[in-house]
Structure formats: C-alpha cells, structure tokens
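S.K.: pasting a predicted model and its sequence here:
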Amino acid sequence: MDAVIIAAGEGTRMRPLTRGCPKPLLPLGESTLIEQTMGRCADVVDRFVVVIGYMGEEIESRLGTEYEGIPIEYVTQEEALGTAHAIGCARDAVTDRFLVINGDVVIDETLPRQLAAEEGATIAVQPVANPGSYGVVEIADGEVVTLVEKPDDPPSNLINTGIYAFEPSIFEYIDQVELSPRGEYEITDAIELLMTGEQSVGAVEYDGPWLDVGRPWELLDANEAVLDDLEGQVEGAVEDGATLHGEVVVEPGARVRSGAYIEGPVVVRSGADIGPNAYVRGSTVIGEDVRVGNAVEVKNSVLMTGATAGHLSYIGDSVLGQDVNFGAGTKVANLRHDDQSVSMLVKGEQVDTGRRKLGVVAGDRTKTGINTSLNAGVKLDVEATTMPGESVLNDRRN
C-alpha cells in the first residue's frame, strides 16, 4: 500500500514561519511535521508518494529517497489548486489502493492501520464537541451518507479529518470536479461524485489524537502532544552542576553547561548550547545550533535552527524562527492581565487562539534590541528589528 503525503502548500496561515521554511519541515518533537506523519504510516505502507510544490526542493533534500527504509517518490503540484488537484498529481505514481494524508497533521499509528484494514474508498472521521466548525460526515451502517461543510445544523458530531484511503478509480471522479467558490478543486466534491456513481464510501471512527497544524500556535499544541510521549536520552555533553529533570533528550553535539536546569519534556537538538545558569522547561524544542545563554528562561517554546537568546531573557509559549537573535534583557509577555485568551493576526484577521498563554512568533533573522518587551500574541516579520528598550504591542512588519 502507498501513502500519498500532501506537502505542496505555501502555509500562508503559518507565516512568518513559512517564509523561509516549508510548513511540513517545521520542527515537531525530535524531527519535523512531515517525518512524524510518515512515521505514523510506516507500519502499513510500502512506499511514500510525496506531493511537493512550495519549496519542494527543501523537502526533497531533507527526506531524501527513503524514510526508515521505505522508498519515497516525489511528484510536483505546479499550481496550488486544491486537495483534489494535489491528489490527482499522484495518479501516475499509484497503481493500487492508497492512503492520503496531509504532511502537517498529528495522529497516532492506529488511524493508518484502521484505514488499511478496510476496503474501497474510506474516510476517517472523529467525534467532536463543535462539529459545525468543520466538514461534517453523516454515516449509516458504516457508510457515508452525506458530507456537509461547516453546517449551521450539523447532522452528526462526526467530522472529516481529511485522511482517506482510495482506489485508483478516484482519479476519474477527480477529473470531473469543477472549481469551488474559493477557486480550488475539492476532494470532497470528488467523493460526492463517487457516491453519486453508485459506489459506497466507508467510514472509520478514530478517537485518537488529531491536530491540524495550520497556524503558529498550533505548532505549540502539536509539540505539547508529541512530547507527552518523549523518552529521555542523553548523548551530548552535560557538565557537572547541570540538572536534567524528567524526560530530556540531549542529542550528540549538544552542550548543557553547569548551572543549567532543564525540566522535561525537552528536546535539545544537535549543536545547541544551553547555559550556564539557564532554565528550560515545559514542552520545549531547542533546535540545532541554538544558543540559550546565561540567566535565560525558556518555557513551552520552539526555537528553530540558529536562534539565539544570549543573556537575561524570558521566552514563554513562543516560536522563534531560524537565526532569530534576542538582545540581552528581551522579555516576552505570554498572559493577558484580563485572563482572556490571546488573539493573533492571521491573514489579516484577528483570531482567538483559545490559548490563555501565548507569547510571540518571530520570523527568521528577527533581531531585538536590549531590554525589548514583546506583548502576548505579537508576530515579528522576517528580519524585523526593534529598538533598545522598546515595547512592542502590535505586529511588526519588516
């Protein structure tokens, strides 16, 4: 069985993090979003077909020709024209029943196994408390009856997870799909055509973890979920006087200096340098070649490759892009005084994140002046800068 992994989109809702990194390669636990997804499918597939587009060469360079001994074939979606179009790009690569999964979701191994055990076209569904915010699936006797996108009056509490198994016959229905009002070819339209063509579509109900990682704070949610299962392992250098408490991974080539206190689950990637006298806690990923220096506290955050916070800083519930440099004394606010959830601007709209604690999202190569204060929910664009002593209350564009 093949697994078609959709990894072609620009990830515009995740900006500024995706201006210099394709979304599937954003860090998740000890690897990346797409590698975690592939790992969940590895038990039931013989080959991965990865559909690439935006920054596809970066994905191909990272993954190479195989994953855990399973060969990878790449196909290119030249234009971002929707899910049906992306799946259709794989038509020449698959010859038998295949899985379809986005390269930016968090699931466990049971879902691919459930889909692989079925026959014919099958949708993975999950019960939720607020189905009206999703595509809703109504089923009867294990088969799909209706698919409705964000209905006011949901016919069930089961949502479409966007994870499928198809026979190659799906391609003839994809060819019949017309552009949707948002200018895309939707795979749900192809499924409805298939059902109209007197073919049944099965459904498997999945009750495990499912996170669609589309916006910056959802990367924090995903890391929290994945790091719950972290098993500590120390292969790098940990100096006398450093303390590791709980599940902590220190990769080869990483260094934890004397006086540092790390409270897991925490991943310290290769080349990272922590301390002396730094405090790292919560569900945190310290990326490759990251520097966390003297009297710096990092809590529940993701610091991507090459980021630096050298002195006297606090970073909480935040994502720092590649090669970000926080000047001495930079402080992140991650909590509103009115105890309301933090909002963040996404594609021009202010969105309630649902998170009581959320700090900042800093694009690649952001630099802050000393003693900068960054407000909760602020985004700093790629190569944005701040002045010494500045209080940043709103998003900063370069």
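M.R.: Structure's in. What do you need? What you see is a predicted model; the values in this text were computed from it and never measured. Residues are numbered from 1 along each chain as shown.
S.K.: rest of the way, CA atoms for contacts and neighbours
M.R.: OK.
S.K.: and the next element down the chain from the longest helix anywhere in the chain?
M.R.: Counting by DSSP state H, the longest helix found in the chain is helix 216-227. Following helix 216-227 in sequence order, the next helix or strand is strand 233-234 (DSSP states H and E).
S.K.: residue 65 against residue 50, yeah?
M.R.: No: counting by CA atoms under 8 Å, residue 65 does not reach residue 50; the two are 10.7 Å apart.
S.K.: please enumerate the shared neighbours of the two.
M.R.: Taking CA atoms under 8 Å, 6 or more residues apart in numbering as the contact rule, residue 65 and residue 50 both touch 72, 73.
S.K.: quick check, central residue of this structure?
M.R.: In the chain, the centroid-proximal residue (CA atoms, centre = their mean) is residue 213; its distance is 4.1 Å.
S.K.: ok, now which ones touch that residue?
M.R.: Taking CA under 8 Å, 6+ apart as the test, what residue 213 contacts is 104, 105, 106, 219, 222.
S.K.: hmm, 7 Å instead?
M.R.: For residue 213, the contact set (CA atoms under 7 Å, 6 or more residues apart in numbering) comprises 104, 105, 219.
S.K.: roughly how far does the last one sit from residue 3?
M.R.: In this structure, residue 219 lies at 23 Å from residue 3, with CA to CA, to the nearest Å as the measure.
S.K.: take the contacts of residue 213 and write them to CSV, including neighbour count and pLDDT.
M.R.: Listed next are those as CSV, based on neighbours: other CA atoms under 10 Å; pLDDT from 0 to 100:
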residue, neighbour count, pLDDT
104, 27, 90
105, 22, 91
219, 24, 95
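S.K.: with these in mind, which one is nearest to residue 205?
M.R.: For the contacts of residue 213, the residue nearest residue 205 by CA to CA is residue 105; the value is 16.9 Å.
S.K.: now do the contacts for the closest one.
M.R.: 37, 210, 211, 212, 213.
S.K.: looking at the residues you listed, state which has the most neighbours.
M.R.: residue 213 (23 neighbours; other CA atoms under 10 Å).
S.K.: any buried residues in stretch 216-228, and which?
M.R.: 216, 217, 218, 219, 220, 221, 222, 223, 224, 225, 226, 227 (16 or more other CA atoms under 10 Å).
S.K.: let me have those residues in a markdown table, extended by distance to residue 92.
M.R.: As requested, those are exported to a markdown table (distance: CA to CA, whole Å):
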| residue | distance to residue 92 |
| --- | --- |
| 216 | 34 |
| 217 | 37 |
| 218 | 34 |
| 219 | 33 |
| 220 | 37 |
| 221 | 36 |
| 222 | 33 |
| 223 | 35 |
| 224 | 38 |
| 225 | 36 |
| 226 | 34 |
| 227 | 37 |
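S.K.: list just the nearest of these to residue 254.
M.R.: So of the buried residues of stretch 216-228, ranked by how close each gets to residue 254 (CA to CA), first place is residue 227, at 18.8 Å.
S.K.: surely that closest one meets residue 29?
M.R.: Yes: in this structure residue 227 lies within contact range of residue 29 using CA atoms under 7 Å: 6.0 Å.
S.K.: what about the contacts of residue 105, which are in helices?
M.R.: Judged by DSSP H, helices contain the following of the contacts of residue 105: residue 37.
S.K.: out of the contacts of residue 105, which one sits closest to residue 358?
M.R.: residue 213 (15.8 Å).
S.K.: next one: the closest one from residue 103, what distance?
M.R.: Distance, residue 213 to residue 103, by CA to CA: 9 Å.
S.K.: just the helices in the stretch 151-300 of the chain please.
M.R.: Assigned by DSSP state H, counting those that start in this stretch, the helices in the stretch 151-300 of the chain fall at 170-174, 187-196, 216-227.
S.K.: mean pLDDT lowest where, among these?
M.R.: Comparing mean pLDDT over these, the weakest stretch is helix 187-196, at a mean of 88.
S.K.: kindly format the C-alpha coordinates of that one as CSV.
M.R.: Taking Å, rounded to 0.1, in the frame of the first residue of the first chain, the C-alpha atoms of helix 187-196 are listed here in CSV:
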residue,chain,number,x,y,z
ILE,A,187,-11.6,16.2,-2.8
THR,A,188,-14.9,16.2,-1.0
ASP,A,189,-16.6,17.1,-4.4
ALA,A,190,-14.8,14.1,-5.9
ILE,A,191,-16.1,11.9,-3.1
GLU,A,192,-19.7,13.1,-3.6
LEU,A,193,-19.4,12.3,-7.3
LEU,A,194,-18.1,8.8,-6.5
MET,A,195,-21.1,8.3,-4.2
THR,A,196,-23.5,9.5,-6.9
